[in-house]
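A.B. asks: The following block contains a protein sequence and its predicted model.
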Amino acid sequence: MSTAHQSRFRLRGAATRIRKVVAAAAIGAVTAGTLVATAGTASAQTSLGDAAAATGRYFGVAVAEGRLGEQDYTATLNREFNSITAENSWKWESLQPARGYFDFSAADRIANHAQQQGMELRGHTLVWHSQLPGWVQNIGSADELRSVMYDHITTVMEHYKGQVRSWDVVNEAFEDGSSGARRNSVFQRVIGDSWIEEAFRIAREVDPDATLCYNDYNTDAWNTAKTQAVYNMVADFVSRGVPIDCVGFQAHFNSGNPVPENYHITLQNFADLGVEVQITELDIAGWGDSQAEQFGGVTLACLAVPQCTGITVWGVTDKYSWRAEDTPLLFDGNYNPKQAYYAVLDTLLNAGGGDGGDGGNGNASCTVTYTETQRWGDRFNGEVTVRAGDQPISGWSTTVTVQSPQKISATWNGNASWDSSGNVMTMRSTGGLPAGGQTTFGFTVMTNGNWAAPTLGSCVAS
């Protein structure tokens, strides 16, 4: 990682550290098949992009260049998102359909739109086995294919140098299934195992300041062969100084491939290697409460990992989705926000707190601390002290997460509600606090053999 890139990563990392306190709440809320977030109503003046920015992250969308002339499409794009990924027009077959002939006309329309709107750009994708023109597929010489790969990466990255925050340098290089093997692409067959490393080294040479990502799908559950194979490759690259800065998780989910119980663990394990993690192509089949809970849960998982720097959904509206029959996006075919939209927005807004257990609305803030007050043979009482910051607050909320098979059997001095697992309690105030003032609430935990202390989420002031 270059010095310039490290510096920019540290600045973004500083902004994300304030979300560490939401990790406990997210971990408690990520339960088998149900990832919990409130699907209520949020301020009409707040967008997904603005709410994500308050947590130090971006919230982006994949854009089809041909739809930019549609008023409703563009209005929704401009209002809600602060990052753009080209859905298809930056792929190899679109940019270099014939050898040495580059056509940036459609791609530039997306880049220009992002620049005009002050949005970040994600580059997707430089090297991929699919949407690859036949003239590349038919190359049989390793030296020739290396040269072609070098020319393509160099030309495309130089064209957008300084405009693109993150590049998907290599996309989908591993097989599905239980083998953990590399995909049998022309790059793998002709060049061999070194081709991915070579692509990243070329990309770093061209743009030392860009964030360089490996991007793939079905790498969401931690214990699968494909996830482990990608993890091992990234760990190897980091240990040898191969310039990889980021891992992208496509996050295409449906009933046969639901959001995994340990999604946040997967993200954190990759982040612990010293790379950013990004959710790059999110869509979730379904409708209503179930879809909303899963979208909210994915958002919580990202918020739980300080190095998760942003989320991109794979399309603006259901009607133009690559799998429209699954209605997998946040806006329906008439551009109305769905329950899933409000689940994501509310989750982001609830996470927009301060450091070390602080939360806030503007300058208002609060902190929470926990103490065990009594213990019996099968239960204990806990007390949480809520303190206002240097401004009065009209209300507050926080979460308390217990570990299964523990259960909270009684509460006092607040309004409590639970997620569907029963492990995450949200406690809301019955009144405000003056500047520097404090109050307490309490609860009884039935241990069922587990005496672990509960974990607090952030304190959110209003």
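C.D. replies: Great, that's in hand.
A.B. asks: Would you mind listing where the stretch 51-200 of the chain has pLDDT under the threshold?
C.D. replies: Low-confidence segments of the stretch 51-200 of the chain (pLDDT under 70): none present.
A.B. asks: Now do the strands for it: every range, in order, please.
C.D. replies: Along the stretch 51-200 of the chain, counting by DSSP state E, counting those that start in this stretch, strands occupy 58-63, 83-86, 120-128, 166-171.
A.B. asks: closest one to Ser321 among those strands?
C.D. replies: strand 58-63 (9.5 Å; CB to CB). All C-beta spots, glycine's among them, are computed from the backbone N, C-alpha and C.
A.B. asks: domain parsing for this protein?
C.D. replies: Domains of the chain are assigned by automatic domain parsing as 3-350, 359-461.
A.B. asks: quick one: contacts for Ile311?
C.D. replies: For Ile311, the contacting residues are 52, 57-60, 278-279, 282, 298-299, 302, by CB atoms under 8 Å, 6 or more residues apart in numbering.
A.B. asks: thinking again about what came up before, any chance of the strands of the stretch 51-200 of the chain in JSON lines, with distance to Thr312 and mean neighbour count too?
C.D. replies: Putting those into JSON lines (distance: least, CB to CB, whole Å; neighbours: other CB atoms under 10 Å) gives the following:
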{"stretch": "strand 58-63", "distance to Thr312": "4", "mean neighbour count": "27"}
{"stretch": "strand 83-86", "distance to Thr312": "5", "mean neighbour count": "24"}
{"stretch": "strand 120-128", "distance to Thr312": "7", "mean neighbour count": "24"}
{"stretch": "strand 166-171", "distance to Thr312": "10", "mean neighbour count": "27"}
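A.B. asks: So for Asn269, which of the ones you listed sits nearest?
C.D. replies: strand 166-171 (20.0 Å).
A.B. asks: Next, the angle strand 58-63 makes with that closest one.
C.D. replies: Counting by axes from the mean of the first three to the mean of the last three CA atoms, to 10 degrees, strand 166-171 lies at 60 degrees to strand 58-63.
A.B. asks: Tell me if I am right that Leu282 is in a helix.
C.D. replies: No. Applying DSSP: H, G, I helix; E, B strand; the rest coil, one finds Leu282 to be strand, outside a helix.
A.B. asks: Could you list everything it pairs with in the sheet?
C.D. replies: Val313 (DSSP bridges).
A.B. asks: follow-up on the earlier one: next, format the contacts of Ile311 as JSON lines and append distance to Ile196.
C.D. replies: Below are these laid out as JSON lines (distance: CB to CB, whole Å):
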{"residue": "Ala52", "distance to Ile196": "30"}
{"residue": "Arg57", "distance to Ile196": "27"}
{"residue": "Tyr58", "distance to Ile196": "26"}
{"residue": "Phe59", "distance to Ile196": "29"}
{"residue": "Gly60", "distance to Ile196": "24"}
{"residue": "Gln278", "distance to Ile196": "18"}
{"residue": "Ile279", "distance to Ile196": "21"}
{"residue": "Leu282", "distance to Ile196": "24"}
{"residue": "Val298", "distance to Ile196": "27"}
{"residue": "Thr299", "distance to Ile196": "30"}
{"residue": "Cys302", "distance to Ile196": "25"}
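A.B. asks: Out of the residues you listed, which two sit at the greatest distance?
C.D. replies: Counting by CB to CB, the most remote pair of these is Tyr58 and Val298, 14.9 Å apart.
A.B. asks: which of the domains of the chain sits most buried?
C.D. replies: Of all the domains of the chain, domain 3-350 has the most neighbours on average by mean count of other CB atoms under 10 Å, namely a mean of 20.
A.B. asks: Distance from the chain centre to it, please.
C.D. replies: Relative to its chain's centre, domain 3-350 lies at 8 Å (CA atoms, centre = their mean, to the nearest Å).
A.B. asks: ditto for stretch 400-417
C.D. replies: Worked out by CA atoms, centre = their mean, stretch 400-417 lies 28 Å from the chain centre.
A.B. asks: swap in stretch 366-386?
C.D. replies: 33 Å.
A.B. asks: what does that stretch contact?
C.D. replies: Outside stretch 366-386, the residues that touch it by CB under 8 Å, 6+ apart are 356-360, 387-389, 393, 396, 398, 400, 409, 427, 429, 433, 438-448, 451, 453-454, 456, 458-461.
A.B. asks: hmm, try it at 6 Å
C.D. replies: 357-358, 387-388, 393, 396, 398, 438-446, 456, 459, 461 (CB atoms under 6 Å, 6 or more residues apart in numbering).
A.B. asks: try stretch 145-159
C.D. replies: Here stretch 145-159 makes contact (CB under 6 Å, 6+ apart) with 95-96, 102, 104, 126, 139, 190-191, 202-203, 206-207.
A.B. asks: what about the helices in the stretch 51-200 of the chain?
C.D. replies: Using DSSP state H, counting those that start in this stretch, the helices found in the stretch 51-200 of the chain span residues 71-80, 92-95, 105-117, 134-137, 142-159, 186-190, 195-206.
A.B. asks: any chance of those in JSON lines, with distance to Asn381 too?
C.D. replies: Putting the helices of the stretch 51-200 of the chain into JSON lines (distance: least, CB to CB, whole Å) gives the following:
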{"stretch": "helix 71-80", "distance to Asn381": "44"}
{"stretch": "helix 92-95", "distance to Asn381": "62"}
{"stretch": "helix 105-117", "distance to Asn381": "53"}
{"stretch": "helix 134-137", "distance to Asn381": "67"}
{"stretch": "helix 142-159", "distance to Asn381": "59"}
{"stretch": "helix 186-190", "distance to Asn381": "60"}
{"stretch": "helix 195-206", "distance to Asn381": "54"}
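A.B. asks: Nearest to Pro405, out of these?
C.D. replies: Nearest to Pro405 among those is helix 71-80 (40.9 Å), distances taken as CB to CB.
A.B. asks: what's the angle from that closest one to strand 58-63?
C.D. replies: Here helix 71-80 points in a direction 160 degrees away from that of strand 58-63 (the same axes, to 10 degrees).
A.B. asks: partners of whichever strand in the chain runs longest, with directions?
C.D. replies: If you go by DSSP state E, the chain has its longest strand at strand 364-375. When pairing is defined by DSSP bridges, strand 364-375 lines up against strand 359-361 (antiparallel), strand 379-388 (antiparallel).
A.B. asks: Before I go, just wanted to say thanks for your time.
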